[in-house]
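Visitor: Here is a sequence together with a model predicted from it:
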Amino acid sequence: ALPGGGFPARNAQGQHICRQCGVPGRYEDEKCVEKWGPGLEGPGIVGDRCRKKMKCVERRGTLD
């Protein structure tokens with residue numbers, strides 16, 4: 001398994017996926033329009049939705 005979330009950078013369809021949760025980014029006209037932020041393995045690997053979720057958890061100080 002990979003460190004962090006354990007997901008590869010792309011799925012079987014070649015879509016950029018979040019390495020934290022494995023959800024593919026949003027695509028419009030065959031282009032990825034998702035914003036990618038830094039994660040545990042480096043820059044540009046965590047989807048925006050997952051990153052926002054992590055920020056909320058950090059602010060609360062809990063992991064549930």
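Guide: Everything's here; your move. Residues are numbered from 1 along each chain as shown.
Visitor: what's near enough to touch residue 24?
Guide: Listed by C-beta atoms under 8 Å, 6 or more residues apart in numbering, the contact set of residue 24 reads 11, 13, 15-18. Where C-beta positions appear, they are placed from N, C-alpha and C, glycine not excepted.
Visitor: Quick one: buried ones out of these?
Guide: Among the contacts of residue 24, those scoring as buried are 16-18 (criterion: 16 or more other C-beta atoms under 10 Å).
Visitor: can you tell me which of the residues you listed are in helices?
Guide: Judged by DSSP state H, those include no members of helices.
Visitor: would you turn these into TSV with distance to residue 33?
Guide: What follows is the buried ones among the contacts of residue 24, written out as TSV (distance: C-beta to C-beta, whole Å):
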residue	distance to residue 33
16	10
17	14
18	14
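Visitor: what would these look like in JSON lines with pLDDT?
Guide: Listed next are the buried ones among the contacts of residue 24 as JSON lines, based on pLDDT from 0 to 100:
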{"residue": "16", "pLDDT": "92"}
{"residue": "17", "pLDDT": "93"}
{"residue": "18", "pLDDT": "92"}
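Visitor: closest to residue 55 among these?
Guide: Closest to residue 55 out of these is residue 18 (14.4 Å), distances taken as C-beta to C-beta.
Visitor: Could you pull up the residues touching that closest one?
Guide: Residue 18 makes contact with 5, 7, 24-25, 45-47, 49-50 under the criterion C-beta under 8 Å, 6+ apart.
Visitor: again, only this time at 7 Å
Guide: Residues near residue 18 by C-beta atoms under 7 Å, 6 or more residues apart in numbering: 7, 46-47, 50.
Visitor: still on that earlier bit, ok, which pair from the contacts of residue 24 is furthest apart?
Guide: Most distant of the contacts of residue 24, by C-beta to C-beta, are 13 and 18, 14.5 Å apart.
Visitor: Below-threshold pLDDT in the protein: ranges please.
Guide: 1-5, 62-64 (pLDDT under 70).
Visitor: which residues does residue 50 contact?
Guide: 18, 20-21.
Visitor: hang on, I meant residue 11
Guide: 17, 24.
Visitor: Fine, thanks again, bye for now.
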